[in-house]
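Asker: Next input, structure requested:
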Amino acid sequence: MDPVQAFMQAHALATPLFAPTSRYHGIGSAQTTTPEGTVITFVKRRFVPPPERFSTLSEHTVASGDRLDNLAAHHLGDPLQYWRLCDANGAMDPTELTATVGRLLRITLPEGIPGDSDAG
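Answerer: Next up is the predicted model:
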């Protein structure tokens, strides 16, 4: 086993792979072994959660020139949180969210956090 793989294998469970603000935080890793005996560690697949799991805070109408990172910075305070806009709107491809001028985007709380609109 090469040194990089040995390091990854030794630290895969002891150290979180992704920061708490990452869309991959909490996603586990798995391993597979090639026919030659090489162990390969990889991140398990992440599925986009259903948009119904998100509480709407506000909505944004896409304007010409809008960029998802700028919208995330404005509405969520961090341009790297653009993936939250993708999840809230059920998008696999981030570019589809700003491709159509006039499209309404949901700005939401993180998944699983109830908001006023969820009170019933």
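Asker: Point out where this structure drops to low pLDDT.
Answerer: 1-16, 116-120 (pLDDT under 70).
Asker: What separation is there between the residue of the chain most remote from its centre and Ala30?
Answerer: Distance from the centre of the chain peaks at Glu36, with 34.2 Å (CA atoms, centre = their mean). Relative to Ala30, Glu36 is positioned 19 Å away (CB to CB, to the nearest Å). C-betas here are computed from N, CA, C, even on glycine.
Asker: swap in Arg67?
Answerer: 34 Å.
Asker: ok, these two, which is more surrounded?
Answerer: Arg67 (14 against 11; other CB atoms under 10 Å).
Asker: Phi, psi for the more buried one please.
Answerer: The phi/psi pair for Arg67 (degrees, to the nearest 10) reads phi -120, psi 140.
Asker: ok, now which ones touch the residue most central in space within the chain?
Answerer: Nearest to the mean C-alpha position of the chain, by CA atoms, centre = their mean, lies Arg23 at 2.9 Å. Neighbour list for Arg23: Arg46, Trp83, Arg84, Asp87 [criterion: CB atoms under 8 Å, 6 or more residues apart in numbering].
Asker: quick one: which of those residues sit in helices?
Answerer: Counting by DSSP state H, the contacts of Arg23 place Trp83, Arg84, Asp87 in helices.
Asker: Can you tell me how far the second one is from Pro114?
Answerer: Using CB to CB, Arg84 is found at 16 Å from Pro114.
Asker: Brilliant, that's me finished.
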